[in-house]
Structure formats: C-alpha cells, structure tokens
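build me a model:
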Amino acid sequence: MSATAKRTFSLPSEQAAYIDELVHEGTYASASEVVRAGLRALKDRDAAVEKWLREDVAETYDAMRRDPERALPASQVFDELRARHTSRLKDRS
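Here you go, the predicted structure:
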C-alpha cells in the first residue's frame, strides 16, 4: 500500500451526511474510502475530458479552421434546437 497523508476537510452538512450514509449502509468501510473513491472518479472524469479535448475538439477546431464554410450560423443551430425541443414536448403530451 502506498504512503498516506492525513488531511482535514470541512464539508457542507449534506455532503457529510451522504458520506455517513454510505458508510452506514456498508457501501464503504470508512469515510476515507468514500473520499478516495470520489477522488478516483474525479481523476477519471478529468482524464476523459482532457482526452476528448485533445482528440475530438482539437480535431474539429482544426477542420473548421481549414474549411470555415463547414460552419453553420448560430441562428440556424438555435432554430433547429428550438424546433427539436418543441417537437419533444409535443411527443410527451
């Protein structure tokens, strides 16, 4: 096991209660395990966002710089989004 470093944190009561609930239910053995799991999830999420930015966003940006005619006017995009939203609302009714 790697070395550990003790830290002290203040949390909003809702977050502290959630940690206590997870430990009480047996999902985790201790509050420290809950925090470690949360930090692992945050690290994974940050790595996924970084990968997405490098591989997808940068590639799309470069393609748009090479051929700006590919772009759609913002007004067209918003019009299409509004129409799609309106259609979905009607389908739910």
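
so which helix or strand takes in residue 37?
Following DSSP states H and E, one finds residue 37 within helix 31-52.

buried residues, that helix. List them.
residue 34 (16 or more other Cβ atoms under 10 Å). No exception for glycine: its C-beta is placed from N, CA and C like everyone else's.

next secondary structure element downstream of it?
helix 58-66.

the very next helix or strand once past that next one: how far from the chain's middle?
Once the chain leaves helix 58-66, the next helix or strand it forms, by DSSP H and E, is helix 74-92. Between the centre of helix 74-92 and the centre of its chain there are 24 Å (Cα atoms, centre = their mean, to the nearest Å).

can you start the count at 41 instead of 1 from here on
Taking 41 as the first residue, the last one we looked at is helix 114-132.

now do helix 114-132, average pLDDT.
Taken as a whole, helix 114-132 has a mean pLDDT of 95.

can I get that helix in PDB, CA atoms only?
Output of helix 114-132 as PDB, limited to C-alpha atoms (Å, rounded to 0.1, in the frame of the first residue of the first chain):
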ATOM      1  CA  ALA A 114     -25.700  30.200 -34.800                       C
ATOM      2  CA  SER A 115     -29.200  31.300 -35.600                       C
ATOM      3  CA  GLN A 116     -29.800  28.200 -37.700                       C
ATOM      4  CA  VAL A 117     -28.500  25.900 -34.900                       C
ATOM      5  CA  PHE A 118     -30.700  27.600 -32.300                       C
ATOM      6  CA  ASP A 119     -33.700  27.400 -34.600                       C
ATOM      7  CA  GLU A 120     -33.200  23.700 -35.100                       C
ATOM      8  CA  LEU A 121     -32.700  23.100 -31.400                       C
ATOM      9  CA  ARG A 122     -35.900  25.100 -30.600                       C
ATOM     10  CA  ALA A 123     -37.800  23.000 -33.200                       C
ATOM     11  CA  ARG A 124     -36.500  19.800 -31.800                       C
ATOM     12  CA  HIS A 125     -37.300  20.800 -28.200                       C
ATOM     13  CA  THR A 126     -40.900  21.800 -29.300                       C
ATOM     14  CA  SER A 127     -41.300  18.500 -31.000                       C
ATOM     15  CA  ARG A 128     -40.200  16.500 -28.000                       C
ATOM     16  CA  LEU A 129     -42.500  18.500 -25.700                       C
ATOM     17  CA  LYS A 130     -45.500  17.700 -28.100                       C
ATOM     18  CA  ASP A 131     -44.500  14.000 -28.200                       C
ATOM     19  CA  ARG A 132     -44.600  13.800 -24.300                       C
END
